[in-house]
Each structure stands twice: as C-alpha cells, then as structure tokens.
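>>> can you look at this prediction? I've put the sequence above it.
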Amino acid sequence: MSTGTPLAPDVDPAVLPDLADSHLYNADLAPVTPDKRKWRVGSFAALWISMSACIPTYMLASGLVDPKIGMNWSQAILTIFLANLIVLIPMILNAHAGTKYGIPFPVYCRASFGTKGANIPALLRAFVACGWFGIQTWIGGSAIYKILGVFVPSLTMGHPLPILDITLAQLSCFLFFWAINMWIIYLGIDCIRWLLNIKAPLLIALGLLLLWWAYRNAGGFGPILSQPSAFDPGQPKEGQFWLYFFPALTGMVGFWATLSLNIPDFSRYAKSQRDQVLGQALGLPATMALYSFIGVAVTSATTIIFKETIWDPVDVLTRFKNPVVLVIAMLALCIATLATNIAANVVSPANDFAHLAPRRISFRIGGFITGIIGILIMPWHLLANADRYINGWLIGYSALLGPIGGILIADYFVYRHRHLSLADLYKTDGQYRFSNGFSMVAITAFLLGVLPSLPGFLIKINVLETAAVPPLLMHLYDYAWFVGFAIAFVVYLVLRKLSSQANASATLPVASTSS
C-alpha cells in the first residue's frame, strides 16, 4: 500500500502498512490511495447515464402509467424526477466519506455500526442487490426466451414447472444468461468496464428507436401524451391522485436507495468532492427523466396501437416480426442488461460478502455468492405485475435501507463532523469496536426505524389482514423510506448523546468504545 500521501488530513501514513495484518482487511476493502483516484466529473456522469439507461428504469416509468396505478405521462415523469432529486441528496452525502478516505461501503458502516455490526447494513444491502441481480438476469433471460419464441413458437408452449411456476424453456434461458453473468464476474473488472462503455449507447439507441416507432404508429405524440390520468374527473380513480402519488414516490426513491448507501464503493475513486457531487448531479436526475419518458411514451402508445397496456419492453419488441430487428434488439438488450447488472448489482454485494470474512472471500467469490442467491430468490415473482414491482419490492426494501441511510448520515455528518480514524476502521480493538464489535445505539435506531413500516409490509405480502392493523400504521408503509430515515436519524443522535453522557459520568477510560 502506498504511504506517500495521506488519504485525509488527519490520517497518519505511518499506521497504514499495519492495516494489512488485520483480519478486517483485504485488498478489495483496502483504502484507495490518492494516486489511484482518477474519476472526474465525466466519469460519474457516465456511470449514472450508463446505469440509469436500463430496462428496470423503463419498467419503473411504464409501471406508473399501467392501469393498476393509473398516472398520465406528466404525472409519472414528475414523480420520477422528484424522487431522483430527493435520493440524490443522501447519494452525495454518503459519497463524501468514500472520496475523503478512499473506503468502500462496508468499511464506512464500521464507524456507526461497529466493526462486526457493519455486517448488518452490508448484508441487508447485499441481499437487496442479489434481488436486483436476479431481476436483471431474469430480464435478460426473458428477452432471449421471448424473441426465440417468435422464431420457434413451440418454445412458448410448455407448462409451468412445479414450485417455480415458469416453463423449462424460460428456466433454461434464465440460467443461460445467468451463466454469462458468472463468466463476466470471473473475467474481472476490466471486462466490466468495457461492457459499460458500449452499453449506454446501445440501450439509449434502442429506446429512441422504440420512441420513434411509438410516434409513427400512434399518430404522433399528440395521442400518446393526451392519454388521460385515472385520477381525472370521470375516470376510475377520480380525486385519488395523492393516495397513489406518495407510495409511487417512495418506490421511485427506493429504486436508487440501494446505490445511495453503497456509493462509497464508487466515490472512493473520485479525484475530488467536486467531481463526485457535480458528476452525480448531472448524470442521475436528467437521465432517469429522459429514459423514463421513453418508457411512459411507448407504454402509452401500446394502449393506442394494441388496445392494451404493455409495460414490459421485451413484450413490445416481440410484436415486431422483422427477424433482423428482433435479433439486433435481443443482442442490445442482453449486452445492456449484462453491463448494468454487473456494475450496479455485483460490485456492492461482492464487497459486502467479502466483509463477512475478508481473508476468505474475495470480490470474485462474493460475486458468485450474489449469483447463487439471485437464482434462489426467484425474481420472476417480483416482476409479475407493476403493483408488485413498485408497491411490494421497491417500497418493501426501502423500509430497510432508509433507516441505514439515516444512521450513516447522522453519524458521519452530525456526530463525527466528517472526521474518521482510518486506522481504527481496520482494528478489532479500536474506537469502533463498541460492545464486542457491535454498536447497540445503531442497531436500536435501525430497529426503531424499520418497525413503523412492518405492519404495512406484512399486509402487502398477505401475512396480515388489513383489519388487523390501525389505518395509521398501514399507511405509514407508503412513506417507508422517509419514515425510516427520519426516525433512525433522530433516534441515533439522541441515543449517541445519551451514551456519551453516561460514559462521561461513569469516567470510563475509553469512553468511545462502550456503546
């Protein structure tokens, strides 16, 4: 490890070589030294353009205009743009520590949760990423299956397998695409970077072609953009817009709530704070709004053209009969989905799983673990319909990630004033040991942050009946990320202050390691 230039003003270079002897250290979790921090504004903007231009973004927007939710195009785009402005704030704040100290997300969590307790947010984030890995892999496999089905119709005639509820052909295409993902993980980070460079132009071009097709076949943008909202006077959900808006906003925030936590995994390579802030601000909200517009416009066009709302772009593509178009579309979808999947859903969980046993689990092994869990989660159930995707999956996991975000920001910005001991982050007996490696303050704040959203989640997954839960608790689920973030933020700071006062009154010799 280079020790020539300190990672931050308060870091003593002399202690850095000793970190390698700790079992909390491995090469993947090590601080990135200044000479390796080369990401500028363009790098972060390109990262977000590449990751935002993906099929789940399209489905995110198209799901909002699906009859189950019922927004019109402007309501959907406004909801998505506002949500991305909101999530950009914790994204930039959490990125600060990664840029200042060169540390990845699991190591960042040690300051608030403890050297062992950091596994709690790391594994929760990892399991959500495994779900997204499965979803993206299913999308890629589904593209192969549906487009092959146009050429070989007999492939689509199979019966669902027991328990899985998908056909053998669907499962085979899913596993084939999964195997390609595993191969890319085995090849390593250089192959991932190459995929990202070609992915964004491919999927943006495909999206624009779909937009042109919608414009041409629906009679221009006029009929598309004039599709009524289900909340307009005389429509099925008249006057109920706000009832659907806030759950949708929470779901949209939840879409990138994952990356808003583990953004240090990327910002640790930033040249400066200005680069990560400006790059993310330029790359995220605008790209999400643009690609969401494509999803909304094409989905609205399907209602006009086919007399039914088709929210899955792969289903739209299968309506084309030109074999050249189908083959090019399938290849573009697979390459783009593959690149997004590896960048957004493997980098973080690979580091998170490595954090469990730094000496035994490498980035590559962590990626393989992600892939296996991605199969076991059976992602096709999460994409069964727009309501389950947005109100079940997106809001459900945001109830877990919101409190983690609140704790991390409260600890780093308010309690520690952006100062960490880099050496202690890798020590088993340092100031972040707390109680045997666990910070009970952070764990308590996390549990209290999650608790209010739990009844609504149990109703959503049909474990509880609606009548069994007071209406107030049921509706809190619609604001899961916001409620969890706010409660955990406040509770963490209150408990941390009380803990500090108790330590001071007890005159313990090491006051910072007893909570």
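In hand now; what should we look at? Every value quoted in this text rests on a predicted model; they were computed, and no experiment measured them. Numbering: from 1, shown residues only.
>>> tell me what the helix or strand hosting Gly42 is packed against?
Gly42 belongs to helix 41-52 when assigned by DSSP states H and E. When contacts are defined as 3 or more CB pairs under 8 Å, 6 or more residues apart in numbering; DSSP states H and E, helix 41-52 packs onto helix 189-217, helix 264-267, helix 273-305, helix 323-345. No exception for glycine: its C-beta is placed from N, CA and C like everyone else's.
>>> out of those helices, which gets nearest to Val253?
Nearest of these to Val253, taken as CB to CB: helix 273-305 at 11.5 Å.
>>> what about that closest one, average pLDDT?
In this model, helix 273-305 has a mean pLDDT of 89.
>>> just stretch 464-480 next, same as before
Here stretch 464-480 scores 83 as its mean pLDDT.
>>> need the contact partners of that stretch.
Here stretch 464-480 makes contact (CB atoms under 8 Å, 6 or more residues apart in numbering) with 246-247, 250, 254, 395-396, 398-399, 402, 452-453, 455-460, 483.
>>> ok, back up a step: tell me the buried residues in the helix holding Gly42?
Within helix 41-52, the residues that qualify as buried are Val41, Ser43, Phe44, Ala45, Ala46, Leu47, Trp48, Ile49, Ser50, Met51, Ser52, counting by 16 or more other CB atoms under 10 Å.
>>> contact partners of it?
Helix 41-52 is contacted by residues 196, 199-200, 259, 266-267, 269-270, 274-276, 278-280, 282-284, 287-288, 291, 339-340, 343-344 when judged by CB under 8 Å, 6+ apart.
>>> of those residues, buried ones?
For these, buried by 16+ other CB under 10 Å: 196, 199-200, 259, 266-267, 269-270, 275-276, 278-280, 282-284, 287-288, 291, 339-340, 343-344.
>>> what about Ile335, neighbour count?
Other residues near Ile335 come to 17 when the count uses other CB atoms under 10 Å.
>>> model confidence for it, exactly?
Taking Ile335 on its own, its pLDDT is 79.
>>> what about it, distance to Ala143?
To Ala143, Ile335 is 11 Å away according to CB to CB, to the nearest Å.
>>> and Phe446, by the same measure?
In terms of CB to CB, Phe446 sits 38 Å off from Ala143.
>>> and Ala329, by the same measure?
Here the distance between Ala329 and Ala143 works out to 8 Å (CB to CB).
>>> which one of these two is surrounded by more residues?
A count of neighbours by other CB under 10 Å puts Ala143 above the other of Ala329 and Ala143, at 26 against 22.
>>> what about that one, distance to Pro379?
14 Å.
>>> for the closest residue to Glu308 other than its chain neighbours, give me its contacts.
Once flanking residues are discounted, Glu308 sits nearest to Thr302: 6.8 Å by CB to CB, 6 or more residues apart in numbering. The contact partners of Thr302, by CB under 8 Å, 6+ apart, come to Ala214, Glu308, Thr309, Ile310, Val316.
>>> out of those, which end up buried?
The neighbour count (16+ other CB under 10 Å) marks Ala214, Thr309, Ile310, Val316 as buried among the contacts of Thr302.
>>> okay, how far is it across stretch 373-383, tip to tip?
This stretch, stretch 373-383, spans 17 Å end to end (CA to CA, to the nearest Å).
>>> pull out the buried positions in that stretch.
With burial defined by 16+ other CB under 10 Å, the residues of stretch 373-383 counted as buried are Ile373, Gly374, Ile375, Ile377, Pro379, Trp380, Leu382, Leu383.
>>> then stretch 153-171?
Under the neighbour-count criterion of 16+ other CB under 10 Å, stretch 153-171 has Leu155, Ile166, Thr167, Ala169, Gln170, Leu171 buried.
>>> of the helices and strands packed on helix 41-52, which is nearest Val87?
Among those, the nearest to Val87 by CB to CB is helix 273-305 (8.0 Å).
>>> okay, the angle between the closest one and helix 41-52?
On the basis of axes from the mean of the first three to the mean of the last three CA atoms, to 10 degrees, helix 273-305 is oriented at 30 degrees to helix 41-52.
>>> tell me how far helix 273-305 lies from the chain's centre.
How far helix 273-305 lies from its chain's middle: 16 Å, per CA atoms, centre = their mean, to the nearest Å.
>>> what's the next secondary structure element after the helix holding Gly42?
On the C-terminal side of helix 41-52, the nearest following helix or strand under DSSP H and E is helix 55-65.
>>> let me see the mean pLDDT of the next helix or strand after that following helix.
Proceeding C-terminally, helix 55-65 gives way to helix 73-101 as the next helix or strand, assigned by DSSP H and E. On average, the pLDDT along helix 73-101 is 93.
>>> tell me what the first helix or strand past helix 73-101 going along the chain is packed against?
Next along the chain after helix 73-101, taking DSSP H and E as the criterion, comes helix 105-113. Secondary-structure packing of helix 105-113 (3+ CB pairs under 8 Å, 6+ apart): helix 73-101, helix 119-151, helix 264-267, helix 347-356, helix 395-409, helix 440-450.
>>> go again using 10 Å as the cut-off
Using 3 or more CB pairs under 10 Å, 6 or more residues apart in numbering; DSSP states H and E, the elements in contact with helix 105-113 are helix 73-101, helix 119-151, helix 241-262, helix 264-267, helix 347-356, helix 395-409, helix 440-450.
>>> save these as CSV, and put in distance to Ala468 too.
Output for these, formatted as CSV (distance: least, CB to CB, whole Å):
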stretch, distance to Ala468
helix 73-101, 30
helix 119-151, 26
helix 241-262, 20
helix 264-267, 40
helix 347-356, 35
helix 395-409, 18
helix 440-450, 19
